[in-house]
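**Student:** sequence first, predicted model second:
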Amino acid sequence: MKKQILLEKTISNLNRLPDSKIEEVNDFISFLLNKLDDQILTEGMQDLSSKSKYFDYLNHEPELYSVNDLKVKFK
């Protein structure tokens, strides 16, 4: 469905609801928007950290341990 048609249908359905249910719908919309904001922030932070050069020094560090250092090997 196109957005405009869906919005009109939603408004029509909202007009049929009692006030208490409209408050619930509004609370749910707020919840969805907050969840979307959190997702956008998380993706932005992940993007920034993946492009960051702060941990590049780890690529040049020698390996401190190897498989030979294990006392017990799990299969």
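**Tutor:** In hand now; what should we look at?
**Student:** and the longest helix for the chain?
**Tutor:** Across the chain, the longest stretch assigned as helix under DSSP state H is helix 19-51.
**Student:** tell me the confidence at Met1?
**Tutor:** Met1 is assigned a pLDDT of 69 by the prediction.
**Student:** one more: Ser30?
**Tutor:** Among the per-residue scores, Ser30 holds a pLDDT of 97.
**Student:** repeat for Ser66
**Tutor:** Predicted confidence (pLDDT) at Ser66: the value is 88.
**Student:** with His60 instead?
**Tutor:** Model confidence at His60, given as pLDDT, is 82.
**Student:** about what we covered before: how far off centre is the longest helix of the chain?
**Tutor:** When distances are taken as Cα atoms, centre = their mean, to the nearest Å, helix 19-51 is centred 8 Å away from the chain's centroid.
**Student:** could you point out which residue ranges in the chain have low pLDDT?
**Tutor:** Applying pLDDT under 70 to the chain picks out residues 1.
**Student:** now do the most centrally placed residue in the chain against Met45, distance only.
**Tutor:** Averaging the C-alpha coordinates of the chain gives a centre point, and the residue nearest to it by Cα atoms, centre = their mean is Gln39 (2.9 Å). According to Cβ to Cβ, to the nearest Å, Gln39 and Met45 sit 11 Å apart. In this view, the C-beta of every residue, glycine as well, is placed from N, C-alpha and C.
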